[in-house]
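Peer 1: I'll drop the sequence and a predicted model, then ask my questions.
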Amino acid sequence: MNIIAICGSPRRGNTEFILKRILTKAGELGVKTGLVLLREKRIEFCDGCLSCDASGKCNIRDDMQIIYPKIEEADLIILGSPNYFSNVSGMMKNFIDRMHPFYKDAKLKDKKIVGVVVGASNKIETIEKSINCIKVASDLLTMSFVGDLYLIARDFQDIENNPENIKKIDEFAKNLINL
């Protein structure tokens with residue numbers, strides 16, 4: 001099994017911690033893992049040219065050209081993002097928009113995908129809207145959405161300083177391996 005996690009947080013914080021913890025647990029079980037920190041990548045906005053509809057390739061030359069093959073090789077993709085105004089971060093949304101080259105082909109068909117979202121709100125509507133962004137993208141890309149994890153954090157290290165959260169993350173990671 002090969003898992004790639006995509007982190008859409010602009011800082012090194014709770015979202016990145018969760019993804020690293022999941023990947024560490026998976027790695028301990030012999031799973032090949034990889035982490036992409038979008039904040040360290042140069043990813044331009046989709047220009048809407050639609051040339052990828054015919055070619056299956058994006059004409060924008062940036063770091064997505066490095067990320068596309070990693071996504072194709074993965075068996076499971078984890079999209080992790082902070083919750084900003086009831087949605088994923090702009091960085092993650094831009095990444096999702098740039099997945100358009102996979103829209104018309106079947107390269108991602110039935111690949112497993114999960115969403116990990118961190119936010120300060122405990123309102124179910126906020127949580128659902130953030131996760132729904134990832135679900136909609138997975139549907140459009142004919143992927144198989146297999147789960148989500150939402151944890152509440154109001155301060156920088158809330159997740160890693162809470163043993164209950166660590167237990168949830170570890171159980172989530174274990175369940176991912178058993179999919």
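Peer 2: Received the coordinates, thanks. Residues are numbered from 1 along each chain as shown.
Peer 1: can we go C-alpha only for contacts and neighbour counts from here?
Peer 2: Noted.
Peer 1: show the contacting residues for residue 87.
Peer 2: Contact analysis of residue 87 by CA atoms under 8 Å, 6 or more residues apart in numbering lists 126, 129-131, 133.
Peer 1: now do residue 9
Peer 2: Contact partners of residue 9, counting by CA under 8 Å, 6+ apart, are 15-16, 37-39, 80-82, 89, 91-92.
Peer 1: what's the spacing between it and residue 108?
Peer 2: Separation of residue 9 from residue 108 (CA to CA, to the nearest Å): 24 Å.
Peer 1: next: residue 136.
Peer 2: Going from residue 136 to residue 108 by CA to CA gives 14 Å.
Peer 1: in TSV, list the contacts of residue 87 along with secondary structure, neighbour count and distance to residue 21.
Peer 2: TSV is the format used below for those (DSSP: H, G, I helix; E, B strand; the rest coil; neighbours: other CA atoms under 10 Å; distance: CA to CA, whole Å):
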residue	secondary structure	neighbour count	distance to residue 21
126	helix	18	24
129	helix	16	24
130	helix	25	21
131	helix	25	20
133	helix	17	23
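Peer 1: what's the closest of those residues to residue 96?
Peer 2: residue 133 (9.2 Å; CA to CA).
Peer 1: most distant residue from the middle of the chain?
Peer 2: Residue farthest from the centre of the chain, counting by CA atoms, centre = their mean, is residue 54 at 26.0 Å.
Peer 1: for that residue, what are its contacts?
Peer 2: For residue 54, counting by CA under 8 Å, 6+ apart, there are no contacting residues.
Peer 1: and the gap between the residue sitting nearest the centre point of the chain and residue 22?
Peer 2: For the chain, the residue nearest the mean C-alpha position is residue 79 (0.8 Å; CA atoms, centre = their mean). Remark: distance between residue 79 and residue 22 (CA to CA) = 12 Å.
Peer 1: go on, residue 41?
Peer 2: Residue 41 is 22 Å from residue 22, by CA to CA.
Peer 1: just residue 13 next, same as before
Peer 2: On the measure of CA to CA, residue 13 and residue 22 end up 15 Å apart.
Peer 1: so which of the two has more stuff around it?
Peer 2: residue 22 (23 against 18; other CA atoms under 10 Å).
Peer 1: what sits closest to the more buried one if chain neighbours are left out?
Peer 2: Leaving aside its sequence neighbours, residue 22 sits nearest to residue 173 (CA to CA, 6 or more residues apart in numbering; 5.0 Å).
Peer 1: for residue 41, list the residues it contacts.
Peer 2: Contacts for residue 41 (CA under 8 Å, 6+ apart) come out as residue 63.
Peer 1: and it, how far from residue 56?
Peer 2: 22 Å.
Peer 1: now residue 156
Peer 2: On the measure of CA to CA, residue 156 and residue 56 end up 39 Å apart.
Peer 1: same check on residue 28?
Peer 2: Residue 28 sits 35 Å away from residue 56, going by CA to CA.
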